[in-house]
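In: quick check, what structure comes out for this input:
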Amino acid sequence: MATIKDIASKAGVSIATVSRVLNFDDTLNVSDVTKKKIFEVAEELNYMTMKQRKNKKSSYQIGLIHWYTDREELLDPYYMSIRMAIERKFSEESISFTRINEVSDNMYNVDGIIAIGKFGEKDIDKFKDLSKNIVFVDCSPNEEIYDSVVIDFRRAVNEVLNYLTNLGHERIAYIGGREAINDGKEDIVDYREVTYTQYMKDINLYRPEYTRVGNFTPGSGYELMNSLLKQEVMPSAVFIASDSMAIGAYKAINERGLSIPKDISIVGFNDISTAQFIVPPLTTIKAHTEFMGEIAFDLLMERLKKDREICKKVIVPTKLILRDSCMAPN
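Out: Okay, the predicted model is just below:
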């Protein structure tokens, strides 16, 4: 496992800088370029190649569409990990690709597209003008037309809540985020929130005042956790829909003089590179982001090389990573 010292050495910065960046310390005065480098090195050192691949020359030109900006990647590195895995595959296979953050009318056609993130009909119509071969990662807008790679959110949330209830927790809160498509006019259904709500209702422990929703950033996690801690009856555990938000929640809890997990247990989601370095290390759901990126690449290459017409939707399982942020309630 990579250490903070390893990351600092490869990134050419101090150990303290790495620690503060990975903990989303917004008082640290370093450039976004340096932050991005640290996150990318952390991802790279945690990536283990299963086998050496022989480079293959190719004349394909691929478009890699990313709905997050560089700045948004820094606040929530989940999509960075997927993007880097795809770019590694391109490099290994010597395939040319172009990163596309926004599709414009004067763009040239490409052989295929991998689209990372959430997209609405307006976006997809633009993609179709560039190529008929499209693979979506982290959403599945139409499984009869497009290949896609997604996570089994329902199974993951059920695993988290089974774990917490088996520890003895009954006052379990939820912190999550909202995202929108079609120029912000249509909210995306987040099945983490949906599954949490249904699960807690099924066991007669649902409390609407224990649900908080903002956006997937450390700052939002901080604000929402502060709001939860003001409840007359404080939750004994909180399931948080992203590790980035969980890091903000840690800060709110520490500022109130409370202890994780003695006073409140925390479970995150994604297992970003930062999760193992915060104190205490975060129990979280691991989304196999590198694997998701590799599958997306393989699906696209299969389409291009074999002219496959039947679509594939790959549902990638997750894994609960137990660390030190949970215990039985006092």
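
In: the helices in this protein, which residues?
Out: 4-11, 15-22, 32-46, 70-75, 78-92, 121-130, 153-167, 191-202, 218-229, 243-255, 289-306 (DSSP state H).

In: what stretches of the stretch 1-150 of the chain score poorly on pLDDT?
Out: Residues of the stretch 1-150 of the chain that meet the criterion pLDDT under 70 lie in 1, 46-58, 105-106.

In: now do the same end-to-end measure for stretch 315-330.
Out: The first and last residues of stretch 315-330 sit 37 Å apart, counting by C-alpha to C-alpha, to the nearest Å.

In: got the contact list for Val137?
Out: Contacts for Val137 (C-beta atoms under 8 Å, 6 or more residues apart in numbering) come out as Ile82, Ile86, Ile114, Ala115, Ile116, Gly117, Ser148, Val149, Met292, Gly293, Ala296. C-beta here means a position set from N, CA and C on the backbone, and glycine is covered the same way.

In: the second one and Pro317: what is the separation?
Out: Right, Ile86. To Pro317, Ile86 is 20 Å away according to C-beta to C-beta, to the nearest Å.

In: confidence score at the residue nearest to Gly168 when sequence neighbours are not counted?
Out: Of all residues not flanking Gly168 in the chain, Ala328 sits nearest, at 4.8 Å (C-beta to C-beta, 6 or more residues apart in numbering). Reported pLDDT at Ala328 in the predicted model: 97.

In: my guess is Ile264 contacts Arg256. True?
Out: No: if you go by C-beta atoms under 8 Å, Ile264 and Arg256 don't touch, sitting 9.7 Å apart.

In: what's near enough to touch the residue nearest to Gly168?
Out: So Ala328 contacts Leu167, Gly168, His169 (C-beta under 8 Å, 6+ apart).

In: neighbour count: Ile264 and Arg256, which is higher?
Out: Here Ile264 and Arg256 are compared on neighbour count by other C-beta atoms under 10 Å; more neighbours surround Ile264, at 27 against 14.

In: circling back: any chance of the helices of the chain in TSV, plus mean neighbour count?
Out: Output for these, formatted as TSV (neighbours: other C-beta atoms under 10 Å):
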stretch	mean neighbour count
helix 4-11	18
helix 15-22	19
helix 32-46	19
helix 70-75	17
helix 78-92	21
helix 121-130	15
helix 153-167	18
helix 191-202	17
helix 218-229	22
helix 243-255	24
helix 289-306	20
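
In: what's the closest of these to Pro281?
Out: Evaluated over those, closeness to Pro281 peaks at helix 243-255, with 10.9 Å, by C-beta to C-beta.

In: nearest spatial neighbour of Ile315, skipping sequence neighbours?
Out: Nearest residue to Ile315 in three dimensions, chain neighbours excluded: Asp152, at 5.1 Å (C-beta to C-beta, 6+ apart).
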